[in-house]
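J.: with the input below, show me the fold.
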Amino acid sequence: MARAKFDIVIETVRYAPDGKIEMARAFERRGAAFSDHVLISRKNLFEKIKSGKKCVTGQRKEFLAGTFETDKTVQATGDFISTAPNAERDFLENVPIF
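T.: The predicted model follows:
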């Protein structure tokens, strides 16, 4: 079985009034499996991405446990977390807000 090429899948996001990501609801890789939903603060998400964890946006496939429909790669560029390479603000494209 091939190892997935990502460590974190962001399913939904919450933005603070200033436009920065406040927290994200995501699934994290735990060895060979993925966790249930976890809430990750902006600070922790930024640290995880900067430390080399591969992060993508997406949704879990219904009834298929650790199988995901992934969309875009999430990057930490400068002080921003975004799906766009040269972002000037926090923004995760096509990610629902909770």
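J.: what about the helices in the chain?
T.: Along the chain, counting by DSSP state H, helices occupy 42-50.
J.: shaky segments in this protein?
T.: Within the chain, the stretches with pLDDT under 70 are 1-4.
J.: what about residue 42, how many residues close to it?
T.: 18 (other Cβ atoms under 10 Å). (C-beta placed from N, C-alpha, C; glycine too.)
J.: now do the same contact list for it.
T.: For residue 42, the contact set (Cβ atoms under 8 Å, 6 or more residues apart in numbering) comprises 20-24, 81, 90.
J.: for ChimeraX, write the select line for the buried members of those.
T.: Selection of the buried residues among these in ChimeraX, burial being defined by 16 or more other Cβ atoms under 10 Å:
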select :21,23,24,81,90
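J.: out of the contacts of residue 42, who's nearest residue 10?
T.: Closest to residue 10 out of these is residue 24 (4.8 Å), distances taken as Cβ to Cβ.
J.: please give me every residue in contact with the closest one.
T.: Residues near residue 24 by Cβ under 8 Å, 6+ apart: 10-14, 39-40, 42, 45, 92.
J.: buried subset of those?
T.: Here, 16+ other Cβ under 10 Å leaves 10-13, 40, 42, 45, 92 buried among these.
J.: mind putting those into a markdown table with distance to residue 68?
T.: Output for the buried ones among the contacts of residue 24, formatted as a markdown table (distance: Cβ to Cβ, whole Å):
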| residue | distance to residue 68 |
| --- | --- |
| 10 | 11 |
| 11 | 9 |
| 12 | 14 |
| 13 | 16 |
| 40 | 16 |
| 42 | 22 |
| 45 | 17 |
| 92 | 15 |
